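Enquirer: requesting a structural model of the entry that follows:
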Amino acid sequence: MDEIQIIKKLFKSLELVRKKNVPACDNAISYSENGKKYSNQFIIMIKPECLYSRNENTKEIIKLLINNLIKSNIEIGAAFSMNGKYIAQNSIIENQYFMLNKYAHLGLGSVPLNTVRNLESRVEKVNVIGAFNFLELYSDHFDEALLERIAHKNGSEKLGNGLYLLHLIHDNIPYGIINAFHPYQKKHFCNENSNLILLECYSNQPYWKLDEEIIGNFKPSDARENSIRSMLFRNQEKLGITINTMFNGVHVSPSPLEGLKALQLYFKGIDIIDTNLGNQLVELGFNYNQIQNLLNNPYVIEGNKHVTLFDKVEGRDTEEILEYLSKEKMFTVL
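Expert: As a prediction, the model looks like this:
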């Protein structure tokens, strides 16, 4: 299928779910097993800030994204579109960003022990709290939008995969708010005017290049020139969109392992062995229960440290992940 056909199918599918006043999801392009032929298989999400129902430039945005992906030797496989009501009804964001959501709800109790100790050694007398608990505690002073604006303005410190800390003093109490931006992120995706497109992609490009050069830095103003996020940022006025750190236009699986998790989430009918990484894990001797455990992001015990598996394999190619998993057989979910 050439890029003109892909763009046409994606736009037609998007228009279909946009017109629905009920939860709607449409399979724009069916799944095949072509991803097995490539080094890496992963998910790219075109986020709601690019696909609002009221935006008349949507087709141009889709064209820009697809043209640049194909030009960068990224092949487009299957695709879905869905509206905000469907996203909310089916807990899409809780599952897609499950580590962000977990930490934002559970706070310090869900954070790896060595990360907690490292944080305590650097920052004294800070009350670390999940974003949802903070909003509940101060519901008269903060809502999701205000907390996100503060997080955007002040910046959050990245502590690990899906783990960001905002330093904030309120009522003379120093807080460390975990994933302060996430409650508004969830609200943004579930808005009745929101839509998204999910692309199953595969490529022989090194994963670091996909992340750094093709998609670009999560902060679009710092993204490499000619990366997708940089182009969206530089052309946002022309395209009628708002692009910044929170609304950076696209999401890419941080690794093929998280890509496999996303494939399991969105493509209900496919089997583990129908995917690139899943098939190779089975060939290595992993059974289905073991693979599901990997997708739950267990903690890997390395000496006296607990490290999440997703942290260990972020940015790595499928071959590197398989090599690591073939050597490290013991995983513990804490």
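
Enquirer: residue 21: which element?
Expert: If you go by DSSP states H and E, residue 21 is not part of any helix or strand.

Enquirer: do the same with residue 153
Expert: helix 144-154.

Enquirer: what's in contact with the following helix or strand past that helix?
Expert: Next in sequence after helix 144-154, counting helices and strands by DSSP H and E, comes strand 157-160. If you take C-beta atoms under 8 Å, 6 or more residues apart in numbering as the criterion, strand 157-160 is touched by 111, 112, 115, 118, 119, 164, 165, 166, 167, 308, 311. The way it works is simple: take the backbone N, C-alpha and C, and place the C-beta from them, glycine included.

Enquirer: can I take it that the fourth one is in a helix?
Expert: Yes - with the criterion set as DSSP: H, G, I helix; E, B strand; the rest coil, the secondary structure at residue 118 is a helix.

Enquirer: now for the helix or strand hosting residue 233, which elements pack on it?
Expert: Taking DSSP H and E as the definition, residue 233 sits inside helix 228-234. Packing partners of helix 228-234 (3 or more C-beta pairs under 8 Å, 6 or more residues apart in numbering; DSSP states H and E): helix 58-71, strand 250-252.

Enquirer: buried residues in the helix holding residue 153?
Expert: For helix 144-154, a neighbour-count test (16 or more other C-beta atoms under 10 Å) marks 144, 147, 148, 150, 151, 152 as buried.

Enquirer: gap between the first one and residue 167?
Expert: Shown here: residue 144 relative to residue 167, a distance of 19 Å by C-beta to C-beta, to the nearest Å.

Enquirer: and what of the last one?
Expert: The spacing between residue 152 and residue 167, counted by C-beta to C-beta, is 14 Å.

Enquirer: try the fourth one
Expert: According to C-beta to C-beta, residue 150 and residue 167 sit 10 Å apart.

Enquirer: and the third one, by the same measure?
Expert: Here the distance between residue 148 and residue 167 works out to 15 Å (C-beta to C-beta).

Enquirer: spatially nearest residue to residue 199 (excluding sequence neighbours)?
Expert: Counting by C-beta to C-beta, 6 or more residues apart in numbering, residue 199 lies nearest to residue 44, which is 4.6 Å off, once chain neighbours are set aside.

Enquirer: pLDDT on the host helix or strand of that neighbour, on average?
Expert: Using DSSP H and E, residue 44 sits in strand 40-46. In this model, strand 40-46 carries a mean pLDDT of 97.

Enquirer: each with direction, which strands does it pair with?
Expert: strand 195-203 (antiparallel), strand 250-252 (antiparallel) (DSSP bridges).

Enquirer: angle of it against helix 58-71?
Expert: Angle, strand 40-46 to helix 58-71, by axes from the mean of the first three to the mean of the last three C-alpha atoms, to 10 degrees: 160 degrees.

Enquirer: need the residues that contact strand 40-46.
Expert: 35, 61-62, 65, 69, 74, 77, 96, 196-205, 207, 210, 215, 249-253, 255-256, 258-260, 262-263, 266, 275-277, 317-318.

Enquirer: for the nearest residue to residue 213 once chain neighbours are set aside, give me its contacts.
Expert: Spatial nearest neighbour of residue 213, excluding adjacent residues (C-beta to C-beta, 6+ apart): residue 224 at 5.6 Å. Counting by C-beta under 8 Å, 6+ apart, residue 224 touches 212, 213, 216, 217, 230.

Enquirer: just the buried members of these?
Expert: Buried, going by 16+ other C-beta under 10 Å: 213, 216, 217, 230, out of these.

Enquirer: so which of these are in helices?
Expert: When DSSP state H defines the helices, the subset of the buried ones among the contacts of residue 224 inside them is residue 230.

Enquirer: compute the first-to-last residue distance for stretch 207-220.
Expert: End-to-end distance for stretch 207-220, by C-alpha to C-alpha, to the nearest Å: 19 Å.

Enquirer: buried ones in it, by neighbour count?
Expert: 207, 210, 211, 213, 214, 215, 216, 217, 220.

Enquirer: and the residue nearest the centre of this structure?
Expert: Nearest to the geometric centre of the chain sits residue 251, at 5.2 Å (C-alpha atoms, centre = their mean).

Enquirer: which residue comes closest to residue 20 once chain neighbours are left out?
Expert: Nearest non-adjacent residue to residue 20 (C-beta to C-beta, 6+ apart): residue 83, at 6.1 Å.

Enquirer: so what's the one you found bridging to?
Expert: Applying DSSP bridges, one finds that residue 83 bridges with residue 195.

Enquirer: likewise residue 158?
Expert: Beta-bridge partners, per DSSP bridges, of residue 158: residue 164.

Enquirer: centroid-wise, who is the farthest residue in this protein?
Expert: Furthest out from the centre of the chain (C-alpha atoms, centre = their mean) sits residue 172, at 34.3 Å.

Enquirer: quick one, phi psi at that one?
Expert: Torsion angles at residue 172 (phi, psi; degrees, to the nearest 10) stand at phi 60, psi 20.

Enquirer: what about the helix holding residue 153, average pLDDT?
Expert: 94.

Enquirer: chain center to that helix: distance?
Expert: Chain-centre distance of helix 144-154: 19 Å, with C-alpha atoms, centre = their mean, to the nearest Å.
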